[in-house]
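**Student:** generate coordinates for the sequence data below:
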Amino acid sequence: MINLAQVVGIIAEYHPFHNGHLYQMRNARALTGASYCVVFLSSYFVQRGMPAIYSPLKRAEAALRAGADAVFEIPTPFSSASARDYAAYGVSMLAGLGIPNLCCGTEDVSAEELSMLLDVIDEGSEAFQHSLREGLKTGLTYAEARVNAIAADLFQAGADNSLLLRTRELLSKPNNILAFEYARAARAERIPIRLTTVSRKGSDYHDPILQGDFSSATAIRSHSATAIRSHILNGGSWDDLVRMVPRAAAEVFASAPYLNPACMVGPIERRVLDQLYEGTALSSFSDVSEDLADRIANAEFREENYEALVNSLKTRQYTHTRVARALTHIFLGIRKSDLLRWKNAAREEAVAAASAEGKKAGDLPPIGAAPYARLLGFRRDSEALLSLLKQAATIPMVSRPAAAESLLRSPAARDLFQAEVHAADLWNSLCYGDNGTSLPSYLRQQIVIV
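**Tutor:** Residues are numbered from 1 along each chain as shown. The predicted model follows:
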């Protein structure tokens, strides 16, 4: 008989799934002694502010064929959000399903180091917030200003120069930042999750060069369409691609519609023009400041691809990822007020469910951001795991999108679900415009079983 201690969770984009992800998955099992691995997967638009090159269902299938036991979906409003909101939502999904172990990939930071940093950093303190504001005033990015504020906190706590340098190094690397946010979210929400880390193997996070067996997702993305079409669809050799992507995943991607992010430029321009014509403030959308809104409103949108458009708008203060997320949120219609409401959707859903069952809201345990967990797929030989998760879950498990309305009780949870339906429809529309592939609507999707 299995129990929850035998389950480990991984929060991931798999954009696309590659050998480094397989390495993490195998080590996650080994380090935690888990028999089952559950993946919480980013949806149609990802955290770096771009559409996923493959649909969540195809990326879920690749993960399942490579060894994951079940895959759940992080809805687009959070999978395309800042590292903090993305991590908090992912951690709350694990908690909502009762999974006690989380394994995250890092560049070089350990769970012990993350815990030590959280012990001495008080991001809610007046001193920290003052340091953060001062850094932003000088034109630093939010990430840079926060690292400075953290360093100031550590200095006040008596940290020596070696620790200050190590902290700056750790929190300047994307995967380390996400790991820090996972740990911070678990502590902030009082979620008893055991965090384990696996250090990156091979290329750096942003390395654009294909090399060896462990190339970065960035490099694989930039070569994905060419590699798959030339090496697989056109009868070429598997060797180059399979060196970087497990064969089981490569076979899935070989037949999957590939969405080129370059196709975003025209649709985003039309969306921006519509908003300006209607008198909508672009700064009302998530990740769009007043200054960035002005830059976007005055853009000519004559760049040949999405990457070039983002680069034309970025500045010293507004990083590539921040600009890309801003454009994505304008395109998707995700407002700051929406995200704030959806962060509270889990509590609203839990209160509504408690009321329906005659319970008091005051009896509820700590609640994160996730009001439900949509199941994308599972392995046939892991059905016992799904039964266990259903018994342990404190949030609704949605296996059929069409049934979500009857499962979700609160308006906020239903609105979040509808935002995901909208994001899926837009992704499908982009895909049809890019390569002529017609895909089923979100509500008619079938769960993946391998």
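
**Student:** need the contact list for the residue nearest to Gly49 when sequence neighbours are not counted.
**Tutor:** In space, and not counting its chain neighbours, Gly49 is closest to Ala324: 2.7 Å by CB to CB, 6 or more residues apart in numbering. C-beta coordinates here come from the backbone N, C-alpha and C atoms, glycine included. By CB atoms under 8 Å, 6 or more residues apart in numbering, the contact list for Ala324 reads 48-50, 306, 310.

**Student:** by neighbours, which of those wins?
**Tutor:** Highest neighbour count within the contacts of Ala324: Val310, with 27 neighbours (other CB atoms under 10 Å).

**Student:** separation between that residue and Asp291?
**Tutor:** Relative to Asp291, Val310 is positioned 16 Å away (CB to CB, to the nearest Å).

**Student:** what would the contacts of Ala324 look like in TSV with distance to Glu112, pLDDT and secondary structure?
**Tutor:** Output for those, formatted as TSV (distance: CB to CB, whole Å; pLDDT from 0 to 100; DSSP: H, G, I helix; E, B strand; the rest coil):
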residue	distance to Glu112	pLDDT	secondary structure
Arg48	28	92	coil
Gly49	32	95	coil
Met50	34	95	strand
Tyr306	40	94	helix
Val310	37	96	helix
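
**Student:** neighbours of the closest residue to Lys390 other than its chain neighbours, just the number please.
**Tutor:** Leaving aside its sequence neighbours, Lys390 sits nearest to Met397 (CB to CB, 6+ apart; 5.9 Å). A count of nearby residues for Met397, using other CB under 10 Å, gives 16.

**Student:** mind listing the residues bridging to Met397?
**Tutor:** Ala373 (DSSP bridges).

**Student:** isn't it up against Leu389?
**Tutor:** Yes - taking CB atoms under 8 Å as the definition, Met397 is a contact partner of Leu389 at 7.0 Å.

**Student:** quick check: neighbours shared by these two?
**Tutor:** Leu97.

**Student:** ok, back up a step: how close does the residue nearest to Lys390 get to Met50?
**Tutor:** 29 Å.

**Student:** now do the SS call for Gly377.
**Tutor:** strand (DSSP: H, G, I helix; E, B strand; the rest coil).

**Student:** nearest spatial neighbour of it, chain-adjacent residues omitted?
**Tutor:** Val448 is the one closest to Gly377 (CB to CB, 6+ apart), at 2.9 Å.

**Student:** for the one you found, phi and psi?
**Tutor:** Phi and psi for Val448, reported as degrees, to the nearest 10, are phi -90, psi 130.

**Student:** give me the number of residues near it?
**Tutor:** Neighbour tally, Val448, other CB under 10 Å: 22.
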